[in-house]
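sequence? don't have it. structure:
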């Protein structure tokens, strides 16, 4: 089984109805080079499912991370959860640092490539 990655984009909001935007990435079972990406907006609109290769998946994520500082309705935290790492939460401004963003992207890429077995 391949590694799974989930990214939660959180806005500071006192409104309990506001939910996180969630991006889930998993390797397609029928294709060894493609990934299934599910994007669920926190506003309740429909979930989007699309398929990208490894390079395009990483470009997609990198462009999101780089754009967060320029969002006019900004997220304040990004939580990265993978099948092989502890869950880590970042303040959005920290991801503007290239070194930190590259480390996050490396962690995601490693998890996407990992073959993971779940045991008890």
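Sure, I can see it. The shown structure was predicted, so the numbers you read here are calculated from the model rather than taken from an experiment.

just the residues contacting the longest helix belonging to the chain, thanks.
The residue-count maximum for a helix in the chain (DSSP state H) belongs to helix 98-113. With contacts defined as C-beta atoms under 8 Å, 6 or more residues apart in numbering, helix 98-113 is touched by 2-5, 7, 25, 27, 35, 54, 57-58, 61-62, 65-66, 80, 82-85, 88, 90, 94-95. In short, each C-beta sits where N, CA and C put it, glycine included.

and residue 92, how far is that from residue 67?
10 Å (C-beta to C-beta, to the nearest Å).

more neighbours, those two?
residue 92 (18 against 10; other C-beta atoms under 10 Å).

for the residue lying closest to the more buried one once chain neighbours are set aside, which three-state class applies?
Residue nearest to residue 92 in three dimensions, not counting chain neighbours: residue 68, with 4.8 Å by C-beta to C-beta, 6 or more residues apart in numbering. Three-state call for residue 68 (DSSP: H, G, I helix; E, B strand; the rest coil): helix.

just the buried members of the contacts of helix 98-113?
For the contacts of helix 98-113, a neighbour count by 16 or more other C-beta atoms under 10 Å gives the buried set as 2-5, 7, 25, 27, 35, 57-58, 61, 65, 80, 82-83, 90, 95.

the residues you listed in helices, which ones?
Those of these lying in helices (DSSP H): 57-58, 61, 65.

mind picking the two most distant members of these?
57 and 65 (12.8 Å; C-beta to C-beta).
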